[in-house]
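I would like the atomic coordinates for the input below:
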Amino acid sequence: MMFSSLSITATVTNLVVLILLLANYSVAIQFPLTKSENFQDKSVGEILREDTRLQKFLSLLENSDEGKGFLDDFDREDRKLTLFAPNNEAVDDIKKHLREESQRLGRYFYHPMDHDIDTSKIFPYHITHRDIPNTDHLFNGQLIQTQLRERDLHDQHQFIRVFKLQDQDLYLNMYARILDSAPAKNGAVFIIDRVLNVPENIWKSINSLPTQFSTSVVAAERAGLAKELKNGKGVTFFVPDNDAWKKVGYKTLYYLFSDEGKEDLKKILKYHVATELKYTPEMIQDKNFKLPTLNEDEQLTINVREYRGVGRKDVNYEDEKNAPENWIFSVNDEQAVIQWSDGIAKNGVLQVVNNVQIPDNVKDRLPKSA
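Numbering: from 1, shown residues only. Predicted coordinates:
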């Protein structure tokens, strides 16, 4: 999730869809996918040059040094790649947003950078060397490794997360909808209706969703942990949502948010920040393990068990067996579960938990009753 270059309109769109998902509402709008034809014998680069819907994205590539290098790769046949290509309207939209944001900030005199897109990260974030032939190979919760490497992830590749709504509508990062797909002889092209924004840091991500995480935001500010969530590198934040904080009880919350309980609140929040980067596919592979946290020697215990994955007849591909919805991820012997997984951030990943975890070095000082 990225919000620095995102307009207010785009942010609200992203927020509304995520809130609907977390609240278990269904989105009734459906968008049938139409498969592009007559491209199977062409390279990704040839598709990009010949499809009239992609000419403005092509122009961005042709007019930047980074883009020219990628264009050469798109014609190579010695390795597969998948391109998520924004259509013409998507490129127009992002330029319009940048122009409006520039005016809002008071830069009314034209400067070239005011309307330019930061292509150094945008381009590699739309490319993966994973072979994804068509939309049948995309599933809800899937993580797609892109060509973008993030310094704040210890130079690891950044991911795109797939969301599937109504068994048909496919979104990338809950924001860009897949409109069409075209198989190529060296990979595939997926046409999307938004330019993918490079994810922002964990702190900005949770701040953008106040209906879900406002209590965690206030707690982090009060405990002085905001800096860690902004600048920490390669961390996993097991973030409690607002409902999780309500379960703690009034007396305990009153104590934790008082001057007397401030240090204990800080220890609790630090206990939710693991110093290792852990996405759910790695959790499924490791099954049972411990994670070090920012709270001194306190560790989180993670257990993973199958919910409905391996034996399902409707699972078409091996990778889909590892979809998060097919597994239960429990924290500290089922004191909590991950109820929404793999929120992509610039400096880590968000795993949303349904109960606040209390470390041993705090338990004895909390009020005895809620």
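
Would you map the helices across the stretch 201-350 of the chain?
Assigned by DSSP state H, counting those that start in this stretch, the helices in the stretch 201-350 of the chain fall at 202-207, 210-223, 226-231, 242-247, 250-256, 262-271, 280-286.

Could you point out which of those helices sits nearest Asn354?
helix 242-247 (5.5 Å; CB to CB). For the C-beta atoms, the positions are set from N, CA and C on the backbone; glycine is no exception.

Would you mind listing the buried residues in that closest one?
Of the residues in helix 242-247, Ala244, Trp245 count as buried by neighbour count, 16 or more other CB atoms under 10 Å.

Other residues contacting it?
Contact with helix 242-247 is made by 211-216, 219, 253, 336, 353-356, as judged by CB atoms under 8 Å, 6 or more residues apart in numbering.

and if we set it to 7 Å?
Residues outside helix 242-247 that contact it (CB atoms under 7 Å, 6 or more residues apart in numbering): Gln212, Phe213, Ser214, Thr215, Leu253, Val353, Asn354, Asn355, Val356.

Please check these and keep the buried ones.
Judged by 16+ other CB under 10 Å, buried ones among the contacts of helix 242-247: Gln212, Phe213, Thr215, Leu253, Val353, Asn354, Asn355, Val356.

Let me have the residues you listed in a markdown table, extended by distance to Asp51 and pLDDT.
Shown next, in a markdown table, are the buried ones among the contacts of helix 242-247 (distance: CB to CB, whole Å; pLDDT from 0 to 100):
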| residue | distance to Asp51 | pLDDT |
| --- | --- | --- |
| Gln212 | 38 | 96 |
| Phe213 | 40 | 98 |
| Thr215 | 47 | 98 |
| Leu253 | 55 | 96 |
| Val353 | 43 | 98 |
| Asn354 | 44 | 98 |
| Asn355 | 49 | 98 |
| Val356 | 50 | 98 |
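
Tell me the one of these nearest Thr301?
Nearest to Thr301 among the buried ones among the contacts of helix 242-247, with distances taken as CB to CB, is Val353, at 12.9 Å.

Check the gap between that closest one and Leu143 for me.
Per CB to CB, to the nearest Å, Val353 is found 19 Å from Leu143.

With Ile178 instead?
16 Å.

How about Pro324?
From Pro324 to Leu143 the distance is 9 Å (CB to CB).

Check Gln299 too.
Distance of Gln299 to Leu143, given as CB to CB: 25 Å.

which of the two has more neighbours?
Each of Gln299 and Leu143 has its neighbours counted (other CB atoms under 10 Å); Leu143 has more, 20 against 16.

so what's the residue lying closest to that one once chain neighbours are set aside scoring on pLDDT?
Closest residue to Leu143 apart from its sequence neighbours, by CB to CB, 6 or more residues apart in numbering: Phe159 at 4.6 Å. Note on Phe159: pLDDT of 98.

swap in Val310?
52.

re the thing from before, name the helices or strands packed onto the helix or strand encompassing the residue nearest to Leu143?
Following DSSP states H and E, one finds Phe159 within strand 156-165. In this structure, strand 156-165 makes packing contacts with strand 143-150, strand 169-172, strand 336-345, judged by 3 or more CB pairs under 7 Å, 6 or more residues apart in numbering; DSSP states H and E.

buried stuff in the longest one?
This means strand 336-345. Ala336, Ile338, Trp340, Ser341, Asp342, Gly343, Ile344, Ala345.

Please work out the average pLDDT along stretch 173-186.
On average, stretch 173-186 scores 95.

isn't Pro292 right next to Lys278, touching?
No: Pro292 lies out of contact with Lys278 (CB atoms under 7 Å); the separation is 10.9 Å.

So Leu229 versus Lys262, what's the distance?
17 Å.

Which one's more surrounded, those two?
Legend: neighbour count by other CB under 10 Å for Leu229 and Lys262, higher for Leu229 (26 against 15).

my guess is that one contacts Glu200, does it?
No: Leu229 lies out of contact with Glu200 (CB under 7 Å); the separation is 11.1 Å.
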